[in-house]
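Engineer: My questions are about this predicted structure, shown below with the sequence.
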Amino acid sequence: MQLVLWDIDHTLIATRGVGGEIFGECFQQVTNKVMREQASIDGMTEPIIFRETAKLHGIDSNRAMFEEFARCSAERHVARAAELRERGHALPGAATALAAVAQLEGVTQSVVTGNIRAVAEIKLEVFGLDAHIRFPYGAYGEDDDERSELVRIAILRTSQALNASIGADDVLLIGDTPADVAAGLANQVRVLGVASGKSTVADLHAAGATDVVRGLEELRPLLGLLAG
């Protein structure tokens with residue numbers, strides 16, 4: 001049994017500004033303040049982004065505020081799904097990579113993402129990338145603030161769901177930031193870096209990724225890692 005854990009934003013999809021707009025709308029709804037700036041988001045989980053953005057506006061946020069924000073975000077993503085589909089896109093090679101991995105015997109695919117689960121499901125469904133993903137096995141922004149802990153949670157959930165022993169050597173994490181790489185390394189799992197976001201090939205190599213590709217069109221390294 002092998003487990004592939006995908007990051008979503010800038011690894012599989014790009015929302016082309018829609019996600020940021022929804023964040024701002026929900027931030028204002030929860031805090032009653034217009035969002036002037038957003039905290040750095042690359043590789044961060046949604047609770048941390050919300051908390052740090054609140055700090056930038058002089059707000060001491062709490063868990064209840066984040067949960068209200070999360071509900072708003074899920075509702076707005078549903079309401080703007082057609083716009084998300086029109087403005088955003090699946091990244092080149094994403095659908096092919098998911099389908100190719102699905103053809104491999106004994107491989108399960110899920111996600112580790114800073115998004116809340118409801119938003120993760122909407123984003124992948126909108127772009128037709130949800131068919132091969134076992135969402136109940138994944139880990140999401142509402143599960144923990146730290147991405148490394150999300151990797152641990154996803155491995156545990158998959159092991160329990162499949163009644164299988166999944167060790168670190170059986171897991172491949174795929175993401176576009178050094179934070180993704182660090183989360184994988186913290187759990188001793190292999191990491192395929194995808195330089196489809198802001199991080200370069202050099203950045204991801206320097207972070208310690210097992211291998212790096214410029215985009216998911218480069219399918220051979222991914223399949224090679226799963227072939228052992």
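Structural biologist: Good, I have the coordinates. Just so you know, these numbers come straight off a predicted model, no measurement behind them.

Engineer: Let me see the domain layout of the chain.
Structural biologist: If you go by automatic domain parsing, the domain ranges for the chain are 2-14+89-227, 18-86.

Engineer: any idea which of those is most buried?
Structural biologist: The highest mean neighbour count among the domains of the chain, using mean count of other CB atoms under 10 Å, belongs to domain 2-14+89-227: a mean of 20. For the C-beta atoms, the positions are set from N, CA and C on the backbone; glycine is no exception.

Engineer: any idea how far it is from the chain center?
Structural biologist: The chain centroid and the centroid of domain 2-14+89-227 are separated by 7 Å, computed with CA atoms, centre = their mean, to the nearest Å.

Engineer: And that domain, end to end?
Structural biologist: Taking CA to CA, to the nearest Å as the measure, domain 2-14+89-227 stretches 10 Å from start to finish.

Engineer: Strands along the chain, start to end?
Structural biologist: Counting by DSSP state E, one finds strands in the chain at the ranges 2-6, 13-14, 89-90, 107-111, 171-175, 190-194, 211-213.

Engineer: Make CSV out of those strands and add distance to H57.
Structural biologist: As requested, the strands of the chain are exported to CSV (distance: least, CB to CB, whole Å):
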stretch, distance to H57
strand 2-6, 32
strand 13-14, 27
strand 89-90, 31
strand 107-111, 30
strand 171-175, 29
strand 190-194, 33
strand 211-213, 36
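
Engineer: Would you single out the least confident of the domains of the chain?
Structural biologist: Looking at the domains of the chain, the lowest mean pLDDT belongs to domain 18-86 (a mean of 93).

Engineer: out of everything not next to it in sequence, what's closest to L216?
Structural biologist: Of all residues beyond its chain neighbours, the one nearest L216 is G93 (3.3 Å), with distances taken as CB to CB, 6 or more residues apart in numbering.

Engineer: Surely E83 and G19 touch.
Structural biologist: No. Contact between E83 and G19 fails when scored by CB atoms under 8 Å: they sit 11.2 Å apart.

Engineer: ok, the closest residue to R134 other than its chain neighbours to L162 distance?
Structural biologist: Of all residues not flanking R134 in the chain, S110 sits nearest, at 4.8 Å (CB to CB, 6+ apart). Counting by CB to CB, to the nearest Å, the separation of S110 from L162 is 11 Å.

Engineer: just I13 next, same as before
Structural biologist: Separation of I13 from L162 (CB to CB): 26 Å.

Engineer: ok, D176 - contacts?
Structural biologist: Counting by CB atoms under 8 Å, 6 or more residues apart in numbering, D176 touches D7, D9, H10, T11, G193, V194, A195, S196, G197, K198, S199, L204.

Engineer: Now do the contacts for F27.
Structural biologist: Each residue near F27 by CB under 8 Å, 6+ apart is listed here: K33, M35, F50, T53, A54, F69.

Engineer: where's Q109 relative to L12, distance?
Structural biologist: In terms of CB to CB, Q109 sits 11 Å off from L12.

Engineer: Which neighbours do these two have in common?
Structural biologist: Common neighbours of Q109 and L12 (criterion: CB under 8 Å, 6+ apart): W6, L98.

Engineer: so I166 sits right up against S159, yeah?
Structural biologist: Yes. Assessed by CB under 8 Å, I166 is found in contact with S159 at 4.7 Å.

Engineer: tell me, what's touching these two both at once?
Structural biologist: Common neighbours of I166 and S159, counting by CB under 8 Å, 6+ apart, are absent.

Engineer: Turn the contacts of F27 into a markdown table, columns for distance to G224.
Structural biologist: Formatted as a markdown table, these follow (distance: CB to CB, whole Å):
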| residue | distance to G224 |
| --- | --- |
| K33 | 49 |
| M35 | 43 |
| F50 | 38 |
| T53 | 39 |
| A54 | 43 |
| F69 | 40 |
